[in-house]
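Visitor: return a 3D structure for these sequence lines:
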Amino acid sequence: MRLLGLVVLFIVLPIAELYLIYRVGDSIGIWWTLALLAADSIIGSLLLRSQGRAVWRRFQHTMESGRMPHREVQDGVLVIFGGALLITPGFLTDILGLLLLLPPSRAVIRRFVMRAVARRAADRVEHGVWDVEGSATEVELPRQRLER
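Guide: I've put the predicted structure just below:
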């Protein structure tokens with residue numbers, strides 16, 4: 001399964017991107033196609049900046065309130081991947097990157113990714129052999145607030 005993913009990522013996707021760029025260039029002209037590719041990279045970097053700041057603010061707010069920022073960290077990872085895809089030249093990667101940067105679609109993708117990660121982790125735990133020896137002592141620590 002990993003090999004198939006790598007083949008798609010490094011062989012099929014670049015060929016599809018080149019084909020799509022060729023078709024768009026054939027339809028609207030090479031200069032308009034290059035302008036469109038440059039514009040979407042610039043817009044992508046601006047969108048990455050604004051969404052990155054928004055995720056960072058939510059992360060800080062969550063930490064200040066004393067909660068664990070699970071969702072904010074996941075959003076941060078998706079925003080980084082989305083920005084990288086948007087800056088990469090090509091129309092397919094731009095669509096994927098845009099989906100990762102827009103909050104409504106990012107929420108759907110985050111749920112899908114987290115389910116897949118949980119399933120994969122459960123498979124590893126289920127099939128693994130665990131033999132742990134030792135002892136445990138339960139310690140109650142006072143809850144502390146984080147310093148700024």
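Visitor: could you look up the SS state of the closest residue to Pro103 other than its chain neighbours?
Guide: Spatial nearest neighbour of Pro103, chain neighbours left out: Gln51 (7.6 Å); criterion: Cβ to Cβ, 6 or more residues apart in numbering. Every C-beta, even on glycine, is put in place using the N, C-alpha and C of the backbone. With DSSP: H, G, I helix; E, B strand; the rest coil as the basis, Gln51 sits in helix.
Visitor: ok, Gln144 next?
Guide: Taking three-state DSSP as the rule, one finds Gln144 in the coil state.
Visitor: same check on Arg106?
Guide: Going by three-state DSSP: Arg106 is helix.
Visitor: tell me the pLDDT of it.
Guide: With respect to pLDDT, Arg106 has a value of 93.
Visitor: how many residues are close by it?
Guide: By other Cβ atoms under 10 Å, 20 other residues sit near Arg106.
Visitor: dead centre of this protein: give me the residue that sits there.
Guide: Leu78 (2.1 Å; Cα atoms, centre = their mean).
Visitor: related to what we said a few turns ago, hang on, the residue nearest to Pro103 packs against Val79?
Guide: Yes: contact status for Gln51 versus Val79: in contact at 5.1 Å, counting by Cβ atoms under 8 Å.
Visitor: right, I'll call it a day here.
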